[in-house]
Structures are given as structure tokens and as C-alpha cells.
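Asker: when you get a sec, could you give me coordinates for this:
(2 chains)
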Protein chains: 2
Amino acid sequence: MRIVFPLFDGFTALDAVGPYEVLRNLPDADIVFAAPAAGPVTDGAGRLVLTADAVFDDIAAADVLVVPGGPGARANTGNARLLDWIRSVHATTAWTTSVCTGSLLLGAAGLLAGLRATTHWSAAGLLESYGAVHTEQRVVEQGRIITAAGVSSGIDMALRLAELIAGPVAAQAIQLAIEYDPQPPFDAGSWNKAPQAAKDYLAAR
Amino acid sequence: MRIVFPLFDGFTALDAVGPYEVLRNLPDADIVFAAPAAGPVTDGAGRLVLTADAVFDDIAAADVLVVPGGPGARANTGNARLLDWIRSVHATTAWTTSVCTGSLLLGAAGLLAGLRATTHWSAAGLLESYGAVHTEQRVVEQGRIITAAGVSSGIDMALRLAELIAGPVAAQAIQLAIEYDPQPPFDAGSWNKAPQAAKDYLAAR
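Answerer: Have a look, this model is predicted:
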């Protein structure tokens, strides 16, 4: 099963690596990191470099597409070549998914018109500008398109996807393998739960 | 603040990238990925390649050390050069931390003797062979040494570390920025919670 992660400069590393760590554990997973050119791709913080092992032009089909977000996703919503590629690969997939602002690329490619979808909390309005119906859920399933909320939500999305692909026992086994028994020290991980002081802190940066 | 992630072939990607995505958001974070040689480092699944931008020999000190686990951690518990480096950098840190079987490297370096510590559930016995007292907690703090359980626990550990370094408001702001409001589709993320069928599935692979 070919699972393709498109990368672009400015992607958010955890958007890709969270789902990667889940999906690579699927039986027969064939993981591909694709980019405009093979070689190094730098994340949005400018500090982490992943290697792409394939070029978009060489990937005509995928079973699963996982589109990460990040500043680079926003920056590429007008990149016709990338959007064409997403559209054409989407035509071949069993599952097309996004994490964080990766859904903006699905939206810009025209895949979310009239569909419920999610994204990072900061991009809800932008998502709706592509005709999607922003939905306050961590993982939103619409047929074979699954969108996830910000950054870390890709892990939850990928576990659900693992269940859809390989069944609940396989998904639970992967959850155990990566010891995903989350215990965040605060309950501040969504816009509705975070204290005002944390929002002010973010706004000031 | 210099935050150093030692990498080695066979590391688990999420062990490093989870904490990275948290800690890079700290004010004045200076992230360094260090390895035996600068350049590509391949993860334990053989599919993900991160770039190291520094060589161990060039890193004599760090404010924070985050040691990931993975098959490569187990494989390096006899690597005297790496263990010497960990020991000497630890002498300079404010915080020395590990994720998953990264704690085996701290143990092999002699840093955990007599201390409570944790690791991936599959490595509890091995951890104790280094004189540590294995503790069933997701994050274990012992003075300036913090160990985390398997793979995904590094996110929880890093948020606690962010609180210790920059205070609760900064940590909550980071949690909101990465939208860490976990909602796993199953409650199977620890050995005590996972159903037997999931354990059997893992054992059979």
C-alpha cells in the first residue's frame, strides 16, 4: 500500500511525522516522501530537514495521501503545479487526508467544496473561503477525504485511518506500539479550552 | 537556549519530532540535531531521513538534551563514544531528558543508577539492568533528569519541560499552537489498557 506524504519547504514536521509513525506500522506500508525535487526539505521553523525520496512528477498514484500543513501550506495555495498534482493523485487514492493547514491545499485544489472539513484553529475562515464547511471536530470524515485539526491531531487521524484500512485490532496494536496514552500536563489544546493568558501570549509573539 | 537532539541511525522519528515541535516554540530556542557525522540520519523503519546539522564532537555543552529512542538506541548501548558524549554534555545541562528507549542510553551512560525512570513498555527490564527503578508513569522527573515512556510520550514530557523552563502560560500557549487536545479513537495506548488481541497482534509481527 503506497502512502505518500507530499513535502514542501515550510511544512510543519509533526504534521507529517505523527501520521508517519502510525501508518508505517500498517502491514505492507510503502511510505514515500515526495517533493518538487528529491533531497532536503526544510520545515516552517527552518530548523528541521527531512529528505524527500521522490519527485511529484514521478508519483502518479497513491493509495493514501497525507498532506501536512505549516506556513508552507498557506504559501502554496496558489501553486498550480502542486494543486494539479494533488488533484490528479486524489483521483487514484483510497484515502486523501490532511493535517492542520494541509486542508487549505485540499481546498485550493477544489476537493473540499461543499464538504465538512477541519484545519488549524487559526485557519477556519481561510478554509471556508474554499467552499468547505468548517467543522469543530478533531477529525472530520467525508467519504474518502479525512481532514484533521492542528498539528498533533494527525496522530488521532492516522489511528482512525489505520482502523479503516486494517481494522480496530491493528489500530489498537499500533497505538500500543507508539504508547499513545496521552497525558498532557494542561487542558489547553483547543481554542475553546485554552486560557485567555495563553491566547494573549501567542498573540504577542 | 541550546536544545540538542542527538540522532543515530535507527532512531524513532516521533521520539525526536514530538518534543522538537514543542521545544522549538520556546523563546530563544536554539535547536541542534547532532549525529556522529553531519548529514542524513535514517530512522528505525528505514524510511524517514532527518538531517543532522552538527557533529557530536563539536557539541561540548547544551542547556537541554533530548535523547530519542528506537532500535538504534538499543543498538548503541555499547557505543562508548556516544555514551562518553552523553555523560560529558549531561555535566553541562540544565535538563537531560529521554523519550522511549532513549532512557537506555542514559542508563548505559550511568546517569540513572538508583533513580526512578521510565522507557517504552517493552524495555522495562533492560532499563532496570542499568540500576534504574522502572516507574510506570508517562513522565518521570528526578532532579534535572526527565525520562518519558514510549514514542508519543515525548510530547507530554516536552510540555512539562516547557512549563519548567518558561512557565505554565508559555507551555499552555505551545499546547494551543500545536492543538494538542488528544482524542485517540481507542484507549489502547498503554500495556495495562490495551486489549489482549492487540498484544497478540503485535507479538505475531
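Asker: what's the spacing between A:Phe37 and chain B?
Answerer: Residue A:37: Ala, not Phe. 15 Å (CB to the nearest CB, to the nearest Å). Using the backbone N, CA and C atoms, a C-beta is placed for each residue, glycine as well.
Asker: so that residue sits against A:Asp53, correct?
Answerer: No - with contact defined as CB atoms under 8 Å, A:Ala37 does not reach A:Asp53; the gap is 11.2 Å.
Asker: neighbour count winner among the two?
Answerer: Ranked by neighbour count (other CB atoms under 10 Å in any protein chain shown), A:Ala37 and A:Asp53 place A:Asp53 first, with 16 against 10.
Asker: name the SS class of A:Leu104, please.
Answerer: helix (DSSP: H, G, I helix; E, B strand; the rest coil).
Asker: so A:Ala60 sits against A:Ser88, correct?
Answerer: Yes - the pair A:Ala60 and A:Ser88 qualifies as a contact (CB under 8 Å) at a distance of 7.2 Å.
Asker: those two - which one has more neighbours?
Answerer: A:Ser88 (14 against 11).
Asker: which helix in chain A runs the most residues?
Answerer: If each helix of chain A is counted by residues according to DSSP state H, the longest one is helix A:153-166.
Asker: now that helix - C-alpha only, PDB.
Answerer: C-alpha atoms of helix A:153-166 as PDB (Å, rounded to 0.1, in the frame of the first residue of the first chain):
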ATOM      1  CA  SER A 153      -4.200  15.900  15.600                       C
ATOM      2  CA  GLY A 154      -2.600  13.900  12.800                       C
ATOM      3  CA  ILE A 155      -1.800  11.100  15.200                       C
ATOM      4  CA  ASP A 156      -5.500  10.700  16.100                       C
ATOM      5  CA  MET A 157      -6.500  10.900  12.400                       C
ATOM      6  CA  ALA A 158      -3.900   8.300  11.400                       C
ATOM      7  CA  LEU A 159      -5.100   5.900  14.100                       C
ATOM      8  CA  ARG A 160      -8.700   6.200  12.800                       C
ATOM      9  CA  LEU A 161      -7.300   5.700   9.200                       C
ATOM     10  CA  ALA A 162      -5.400   2.600  10.400                       C
ATOM     11  CA  GLU A 163      -8.700   1.300  11.700                       C
ATOM     12  CA  LEU A 164     -10.400   1.900   8.400                       C
ATOM     13  CA  ILE A 165      -7.600   0.200   6.500                       C
ATOM     14  CA  ALA A 166      -6.600  -2.600   8.700                       C
END
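Asker: now do the helix or strand just after it, average pLDDT.
Answerer: Sequence-wise, the next helix or strand downstream of helix A:153-166 (DSSP states H and E) is helix A:168-177. On average, the pLDDT along helix A:168-177 is 98.
Asker: touching helix A:168-177 from outside, list them.
Answerer: A:22, A:25-27, A:159-160, A:162-163, B:121, B:150-151, B:184-186, B:188-191, B:194-195, B:197-199, B:201-202, B:205 (CB atoms under 8 Å, 6 or more residues apart in numbering or on different chains).
Asker: same thing but 7 Å
Answerer: If you take CB atoms under 7 Å, 6 or more residues apart in numbering or on different chains as the criterion, helix A:168-177 is touched by A:22, A:25, A:159, A:162-163, B:184-186, B:188-189, B:194-195, B:197-199, B:201-202.
Asker: return the distance of it from the chain's centre.
Answerer: 20 Å (CA atoms, centre = their mean, to the nearest Å).
Asker: now that helix against helix A:153-166, angle please.
Answerer: Helix A:168-177 runs at 150 degrees relative to helix A:153-166, counting by axes from the mean of the first three to the mean of the last three CA atoms, to 10 degrees.
Asker: re earlier: out of the contacts of helix A:168-177, which are inside helices?
Answerer: A:22, A:159, A:162-163, B:197-199, B:201-202.
Asker: returning to what we had before: which among the contacts of helix A:168-177 end up buried?
Answerer: A:22, A:25, A:159, A:162-163, B:184-186, B:188-189, B:194-195, B:198-199, B:201-202 (16 or more other CB atoms under 10 Å in any protein chain shown).
Asker: just after the host helix or strand of A:Leu82, pick out the following helix or strand.
Answerer: According to DSSP H and E, A:Leu82 maps onto helix A:80-90. Next helix or strand after helix A:80-90 toward the C-terminus (DSSP H and E): strand A:95-98.
Asker: can you show me the CA trace of that following strand as CSV?
Answerer: Extracted in CSV, the C-alpha atoms of strand A:95-98 (Å, rounded to 0.1, in the frame of the first residue of the first chain):
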residue,chain,number,x,y,z
TRP,A,95,-8.0,7.9,1.2
THR,A,96,-7.0,11.5,0.8
THR,A,97,-6.1,13.1,4.1
SER,A,98,-4.7,16.3,5.6
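Asker: what helices or strands is it leaning on?
Answerer: Applying 3 or more CB pairs under 7 Å, 6 or more residues apart in numbering or on different chains; DSSP states H and E, one finds that strand A:95-98 contacts strand A:64-67, helix A:102-108, strand A:145-148, helix A:153-166.
Asker: mind listing what it pairs with, with the direction of each?
Answerer: Note on strand A:95-98: by DSSP bridges, its sheet partners are strand A:64-67 (parallel), strand A:145-148 (parallel).
Asker: closest to B:Gly102 out of the ones you listed?
Answerer: Nearest to B:Gly102 among those is strand A:64-67 (26.0 Å), distances taken as CB to CB.
Asker: now A:Ala109: phi and psi?
Answerer: phi -80, psi 0 (degrees, to the nearest 10).
Asker: just A:Ile3 next, same as before
Answerer: phi -110, psi 110.
Asker: so how far is the longest helix of chain A from its chain's centroid?
Answerer: With CA atoms, centre = their mean, you get 11 Å for helix A:153-166.
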